[in-house]
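In: Model the structure of this input:
(one chain, ligands or ions: 1)
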Amino acid sequence: MGRVTEPTFTTTPELADLLAAARDVDGVDPLNEEAHRALAAGPVTAMTSHSEDGALSGYAHLHQGTAQLVVHPEHRNRGIGTRLAGDLIAGGYQLWSFGALPAAGRVAEKLDLHSARELLIMGRDLTDLPAPTPLPDGIIIRGFTPADEARIIEINAAAFAHHPEQGAMDAADFAERCAQSWFRPEGLLVAERDGEVVGFHWTKRRDDTEGEVYVIGVDPRAHGGGVGKALLWAGLHHLADRGLCRVLLWVEGDQQAAVALYERSGFGVLNRDIVWSGAAR
Ligand SMILES: CC(C)(COP(=O)(O)OP(=O)(O)OC[C@H]1O[C@@H](n2cnc3c(N)ncnc32)[C@H](O)[C@@H]1OP(=O)(O)O)[C@@H](O)C(=O)NCCC(=O)NCCS
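Out: Next up is the predicted model:
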């Protein structure tokens, strides 16, 4: 197949069933947050496959050269995933594999794909946090107010210049994230020095027991001064104070400074997401 570029697919109850069935069987969501938001917002660019009786057997969500592919559990191990993945790779797409599931690894092996990007999923308990330590000199940490928005977007773009999805957050994306049901202004911690915002830690409540380090961004001009670490611990205490027991985060595997900070802060690697690519190594 060639590239599918038109956003013509609108979500259906059948797709919702397929996604829920895959999540139940795999223990991991086959689509990321961006895909869910896009499906909820309107037509998306997608590729689908159907069985002979017309049932939806496979779905690939296409976004910026990357596909999120899932086969309905009742239709697996019949070659559908390998065929769709092969078509997508031939069409120039890379493939997300959330949770690096063994069957996805097998498909990648059969198609001779290589890992182009790896996100580590790290976690730690919130029940054994050390007592808060003093903040770096001159730093205040407080909850978000709407006046912080422009600086947060600016810091995010500078701090995540290397990151394809996060670095692209603009005012509309920010507003969309703030409109999500999990958003709480007091969970978006802001670090300030001399009245200027220098960093933020956006925490998220995933459910009644689990929180997430959603994004930590520090102005590159303030790097190395302990602001990131102070924001990390303030966010972990915020989540623990709300009764959550565990916290997760996603970090680029090649961001050594961030991975090392999380390891030193008691996080361990729980799983990984891989982007598979067919392009020459
Ligand atoms: C990965 C996925 C798309 C494969 O779909 P599928 O239609 O079952 O794929 P195929 O039938 O073409 O091939 C599956 C291969 O995985 C193997 N496999 C299945 N379960 C496996 C397991 N638990 N461990 C290892 N290999 C496994 C099958 O034996 C088969 O390999 P084979 O042809 O050598 O026997 C499907 O499992 C899925 O939707 N997973 C969740 C989403 C996901 O991980 N997507 C990433 C795509 S790269």
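In: Which residue ranges of this structure form strands?
Out: In the chain, the segments counted as strands under DSSP state E are 46-50, 56-63, 66-71, 94-97, 114-125, 139-143, 188-193, 196-205, 210-218, 246-252, 268-277.
In: Next one: Val247 relative to Ser265, how far apart?
Out: Distance check for Val247 against Ser265: by Cβ to Cβ, to the nearest Å, it reads 10 Å. For the C-beta atoms, the positions are set from N, CA and C on the backbone; glycine is no exception.
In: and the residue of the stretch 151-281 of the chain found nearest the ligand, how many neighbours?
Out: Nearest residue of the stretch 151-281 of the chain to the ligand: Trp276, at 5.6 Å (Cβ to the nearest ligand atom). The burial count assigned to Trp276 is 27, neighbours taken as other Cβ atoms under 10 Å.
In: Tell me which residues touch the closest residue to Val218 other than its chain neighbours, please.
Out: Nearest residue to Val218, sequence neighbours excluded (Cβ to Cβ, 6 or more residues apart in numbering): Gly199, at 3.8 Å. When contacts are counted by Cβ atoms under 8 Å, 6 or more residues apart in numbering, Gly199 touches Ile155, Val190, Ala191, Ile216, Gly217, Val218, Asp219, Ala222, Val227, Gly228, Leu231.
In: And the third one, how far from Asn32?
Out: Yep, that's Ala191 we're talking about. Here the criterion is Cβ to Cβ. By it, Ala191 lies 27 Å from Asn32.
In: again with the second one
Out: Look at Val190 and Asn32: by Cβ to Cβ, they are 26 Å apart.
In: who has more neighbours, those two?
Out: For Val190 and Asn32, the more surrounded residue by other Cβ under 10 Å is Val190, and the numbers stand at 23 against 19.
In: pLDDT score for that one?
Out: We note a pLDDT of 98 for Val190 in this prediction.
In: Surely Pro132 and Ala230 touch.
Out: No: taking Cβ atoms under 8 Å as the definition, Pro132 is not a contact partner of Ala230, at 9.2 Å.
In: quick one: which of these two has more around it?
Out: A direct count of neighbours by other Cβ under 10 Å for Pro132 and Ala230 places Ala230 higher, at 22 against 11.
In: What residues does Gly266 make contact with?
Out: Neighbouring residues of Gly266 by Cβ under 8 Å, 6+ apart: Arg124, Asp125.
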